[in-house]
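Student: sequence first, then the predicted structure, then my questions.
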Number of protein chains: 2
Amino acid sequence: MKTMRLFLCLLLALLLNACAGSQLRGTGDLGLVIERASGHVTLVNTSARQPYARIEGLGDLSHASAVYSRDGRYAFIFGRDGGLTKIDLLEAKIVKRVIQSGNAIGGSISQDGRIVVAQNYAPGGIKAFDAETLELLSEVPAEYAPGKFSKVVGLADVPGNKFAYALFEGGEIWVTDFSNPRQPTTQRYPAGKQPYDGLVTPDGRYFLAGLFGEDGIAMLDLWQPEKGARKILENYGRGEEKLPVFKMPHLRGWSVAQGKAYLPAIGRHEVLVVDVATWKEVGRIPVRGQPVFVMARPDGRQVWVNFAFPDNGKMDVIDTLAGKVVHAFEPGKGILHMEFAPRGENVWLSARDDNKVLIYNTMNFSQQGEIAADSPSGIFFTTRAARIGF
Amino acid sequence: MKTMRLFLCLLLALLLNACAGSQLRGTGDLGLVIERASGHVTLVNTSARQPYARIEGLGDLSHASAVYSRDGRYAFIFGRDGGLTKIDLLEAKIVKRVIQSGNAIGGSISQDGRIVVAQNYAPGGIKAFDAETLELLSEVPAEYAPGKFSKVVGLADVPGNKFAYALFEGGEIWVTDFSNPRQPTTQRYPAGKQPYDGLVTPDGRYFLAGLFGEDGIAMLDLWQPEKGARKILENYGRGEEKLPVFKMPHLRGWSVAQGKAYLPAIGRHEVLVVDVATWKEVGRIPVRGQPVFVMARPDGRQVWVNFAFPDNGKMDVIDTLAGKVVHAFEPGKGILHMEFAPRGENVWLSARDDNKVLIYNTMNFSQQGEIAADSPSGIFFTTRAARIGF
């Protein structure tokens, strides 16, 4: 009798535990904040504008980024130390973690959601993993000449389970097709001197690589790759004067709104405006520092800009209709990243040196909340799962 | 002792039941198919490309449409009979159902996800409901002149918890601001004769209303509404010849890709191409019937077209780079609607008269699957939750 009761009680406890961990909820309004200094991520809810869990043990998260599974349940986090960690946003735990290289710089997920690809500095190249198990499927070493390997930058997924990326030392753009994940095929396109970052336009059509070794941007039309990469914005870069550059801007911060791209100028206190039909510069907007991220609200009406040191406590907001800054403020110390709510009603900012994430209403610029976090950097919401070019 | 055991067993049973119903899963890859004839919806998973549940009791679902909660867990389904039904995609059940009017035609959800708005033919006007409880918050009767009420068409959410819509008899575009959900405020703009449908461009900037009583399209720039609605595409419509029109096209099917809008011609076997910078027609593409939905794949490379009777078994696929139809096929009988996977790798088609939903790969046009459904019509995936203008 006593045994039976004990058994039942244990079973009950197990079931309660199982149930407690399994609160049903949608994943469309979830996200995560990278806490770079301590290897944590804080999980957040964008409807409540609150954190709901914290996970530790993710290694070196400086410059870490994240992509999401098709269902929005799992995040894949790429650490600087080559760690690739799969976390479950519903159970708030690490599902699997592998060290896939010695020195890595982000990754991406295929259009069909089955393949996670990491880009590596050392050993230079990309590696493809099964999104379910993190089993290594294949790798593409960035061997641009016999025995010479390049750092890989600017990796982005493009339609057809392909990935585009650039080789810093190799000076090339590569497009790798993972239709057969264990036997990828790669096309190579000469790009220019020292590509340092890349992006894909929101429609997945153009891959653009910023050049460190010369002025200009290399652009490959992925709809007509046989035409090869061509140079656009020949004056984009540090120019003749070789201005001091405190931090190379993030190309991933480029935004396209109303047929125009808004780009961080390099070394100048300006945002450049470019017509995407012609890829010619059509304007410059003065801002209060060297821009790092220049990001459009999802509707394209506003472009938010943060800055390199020593102006990294400032934010400028450009109204794209007025063509100028309409709001300038100092939300906190060390603003590293921003992420808009999917439909743009608010924006989340990482204030690293205040150990806070700050949430602002984008209509009236009022603060709507804040979340404690340990040196927060990247902020990533699950709606990225549905977008091309991340 | 026995009481205790009974109690424990009952508790156990309850817990097991609770756990069984609560399979944890992300909602990013879920969706639903309207089964118009029988008042069912079939719930589907776009990763498995399979149905996983079916819900009955939704009333008259002819011309029904759906929007989603911010978290992707709940769908709000607007029936033709004025029924508004909230369903839970995780528990696969109806949460709440109200009959909110006698004759309704769709609805929308606010940018912040808190307000669901239905548009009604009779009594003409819109009604706002609390997304949590479906409690009626307020209503805006479409009284365009004293004692005269209009049917409402083309309702779409726009940034700032506002909604834009058109009045068929009233000949006006109205924009209602629900910042205070119980005391909405409305602005009115003369639009033209008998607007029959409307849409908002993907960035939420322009509201366009097709006119039944005259040629042309009324356009309101929501960034500068004080300028009023103006007429564009003056030749868009049935024209001088008053061609026979088998079915007015769905404006909601309009697509913007690469700076061009692709529109169904009215009464003609053509898709019109319009430059969105100037709103001038720049081309026409011949197709095999009177187009109903003209929808771009998310990357804008392809535009898929279905047709009015008697050509409603055909589909034409336009390649936007080539500027012509590159694939034409007859997937099934009575193709009513289509929905793309969020990143465009496949498209789901409703074949009403075959009682099937058909799934095609958009890269190579191969069939990837099919799902049985009773007279399927609208197909809606949860990723709509993150988009403006639905």
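Tutor: That came through, no problem.

Student: list the contacts of whichever strand or helix holds A:K127.
Tutor: A:K127 belongs to strand A:125-130 when assigned by DSSP states H and E. For strand A:125-130, contacts defined as Cβ atoms under 8 Å, 6 or more residues apart in numbering or on different chains pick out A:84, A:98, A:100-101, A:114-120, A:135-143, A:149, A:152, A:155, A:163, A:165, A:176, A:178, A:181, A:184. Heads up, the C-betas are built off the backbone N, CA and C, glycines and all.

Student: for the helix or strand that comes right after that strand, buried residues please.
Tutor: Once the chain leaves strand A:125-130, the next helix or strand it forms, by DSSP H and E, is strand A:136-141. Under the neighbour-count criterion of 16 or more other Cβ atoms under 10 Å in any protein chain shown, strand A:136-141 has A:137-140 buried.

Student: could I get the residues you listed as a markdown table with pLDDT and distance to chain B?
Tutor: Shown next, in a markdown table, are the buried residues of strand A:136-141 (pLDDT from 0 to 100; distance: Cβ to the nearest Cβ, whole Å):
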| residue | pLDDT | distance to chain B |
| --- | --- | --- |
| A:L137 | 98 | 18 |
| A:S138 | 98 | 20 |
| A:E139 | 97 | 24 |
| A:V140 | 98 | 21 |
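
Student: what comes up buried for the strand holding A:K127?
Tutor: Under 16+ other Cβ under 10 Å, the buried positions of strand A:125-130 are A:125-129.

Student: beta-bridge partners for the spatially most central residue of chain A, please?
Tutor: Centroid-nearest residue in chain A: A:S65, 5.4 Å away (criterion: Cα atoms, centre = their mean). When bridges are called by DSSP bridges, A:S65 pairs up with A:F78.

Student: so it sits against A:R384, correct?
Tutor: No: with contact defined as Cβ atoms under 8 Å, A:S65 does not count as touching A:R384 (10.0 Å).

Student: chain center to stretch A:311-331: distance?
Tutor: Stretch A:311-331 has its C-alpha centroid displaced from the chain centroid by 22 Å (Cα atoms, centre = their mean, to the nearest Å).

Student: get me the contact residues on the stretch 51-200 of chain A for chain B.
Tutor: When proximity is defined by Cβ under 8 Å from any Cβ of the partner chain, the stretch 51-200 of chain A lies next to chain B at A:68-74, A:89-91, A:111-113, A:159-161.

Student: 10 Å - rerun?
Tutor: Within the stretch 51-200 of chain A, the positions near chain B by Cβ under 10 Å from any Cβ of the partner chain are A:68-74, A:88-91, A:109-114, A:157-161, A:179, A:200.

Student: taking these one by one, which sit in strands?
Tutor: A:68, A:74, A:88, A:109, A:157-158, A:200 (DSSP state E).

Student: which neighbours do A:S65 and A:R384 share?
Tutor: A:F390 (Cβ atoms under 10 Å, 6 or more residues apart in numbering or on different chains).

Student: in three-state terms, label the nearest residue to A:G39 once chain neighbours are set aside for me.
Tutor: Nearest in space to A:G39, with sequence neighbours left out and distances taken as Cβ to Cβ, 6 or more residues apart in numbering or on different chains, is A:L58 at 4.7 Å. When classified by DSSP: H, G, I helix; E, B strand; the rest coil, A:L58 comes out as coil.

Student: wait, isn't A:L58 in contact with A:T85?
Tutor: Yes: between A:L58 and A:T85 there is a contact at 5.2 Å, judged by Cβ atoms under 10 Å.

Student: so what's A:P331 up against?
Tutor: Neighbouring residues of A:P331 by Cβ under 10 Å, 6+ apart: A:306, A:313-315, A:338, A:349, A:351, A:354, A:356, A:358, A:360, A:365, A:367, A:370.

Student: and it, its phi and psi?
Tutor: Dihedral angles of A:P331 (phi, psi; degrees, to the nearest 10) stand at phi -70, psi -30.

Student: repeat for A:D354
Tutor: Here is the backbone geometry of A:D354 (degrees, to the nearest 10): phi -100, psi 0.

Student: which residues touch it?
Tutor: If you count contacts by Cβ under 10 Å, 6+ apart, A:D354 has them with A:313, A:331-335, A:370, A:372-373, A:375-376.

Student: ok, now how distant is it from A:A372?
Tutor: 10 Å (Cβ to Cβ, to the nearest Å).

Student: one more: A:G198?
Tutor: A:G198 sits 34 Å away from A:A372, going by Cβ to Cβ.

Student: between these two, which one's more packed in?
Tutor: With neighbours defined as other Cβ atoms under 10 Å in any protein chain shown, A:G198 and A:A372 compare such that A:G198 has more, 25 against 13.

Student: picking up where we left off before, find me the pLDDT at the residue nearest to A:G39, would you?
Tutor: Listed pLDDT for A:L58 reads 95.

Student: and if you look at A:P244?
Tutor: On pLDDT, A:P244 comes in at 68.

Student: one more: A:L251?
Tutor: In this model, A:L251 carries a pLDDT of 75.

Student: what about it, neighbour count?
Tutor: A:L251: 22 neighbours (other Cβ under 10 Å).

Student: was I right to think it contacts A:I217?
Tutor: Yes: A:L251 lies in contact with A:I217 (Cβ under 10 Å); the separation is 8.5 Å.

Student: tell me which residue in the stretch 201-350 of chain A sits closest to chain B.
Tutor: A:P342 (3.5 Å; Cβ to the nearest Cβ).

Student: check the secondary structure at that residue for me.
Tutor: Secondary structure for A:P342, judged by three-state DSSP, is coil.

Student: got it, and A:E226?
Tutor: helix.

Student: again, but for A:R252
Tutor: Recorded secondary structure, A:R252: helix (three-state DSSP).

Student: so it makes contact with A:S108?
Tutor: No: between A:R252 and A:S108 there is no contact under Cβ under 10 Å: 11.0 Å.

Student: which one of the two is surrounded by more residues?
Tutor: Between A:R252 and A:S108, counting by other Cβ under 10 Å, A:S108 is the more crowded of the two (24 against 17).

Student: wait, the more buried one touches A:A156, no?
Tutor: Yes: using Cβ under 10 Å, A:S108 is in contact with A:A156, at 5.9 Å.

Student: spit out the residues that contact these two alike.
Tutor: Shared contacts of A:S108 and A:A156, counting by Cβ under 10 Å, 6+ apart, come down to A:117, A:119, A:163-165, A:200, A:389-390.

Student: return every residue with contacts to both of A:R252 and A:S108.
Tutor: Joint contacts of A:R252 and A:S108 (Cβ under 10 Å, 6+ apart) are A:65, A:156, A:200, A:389-390.

Student: count the neighbours of the nearest residue to A:L32 once chain neighbours are set aside for me.
Tutor: Setting aside the residues directly before and after it, A:L32 is nearest to A:V41 in space (Cβ to Cβ, 6+ apart), at 4.7 Å. Residues near A:V41, counting by other Cβ under 10 Å, number 30.

Student: kindly report the same for A:G170.
Tutor: Per other Cβ under 10 Å, the neighbour tally for A:G170 reads 23.

Student: quick one: residues contacting it.
Tutor: Residues near A:G170 by Cβ under 10 Å, 6+ apart: A:124, A:142-145, A:148-152, A:188, A:190-191, A:194-195.

Student: PyMOL command for the buried members of those?
Tutor: Of these, the buried ones go into a single PyMOL selection, burial set by 16+ other Cβ under 10 Å:
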select buried, chain A and resi 124+142+144+149+150+151+152+191+194+195
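
Student: and which of the contacts of A:G170 is nearest B:R36?
Tutor: For the contacts of A:G170, the closest approach to B:R36 (Cβ to Cβ) belongs to A:V152, at 50.3 Å.
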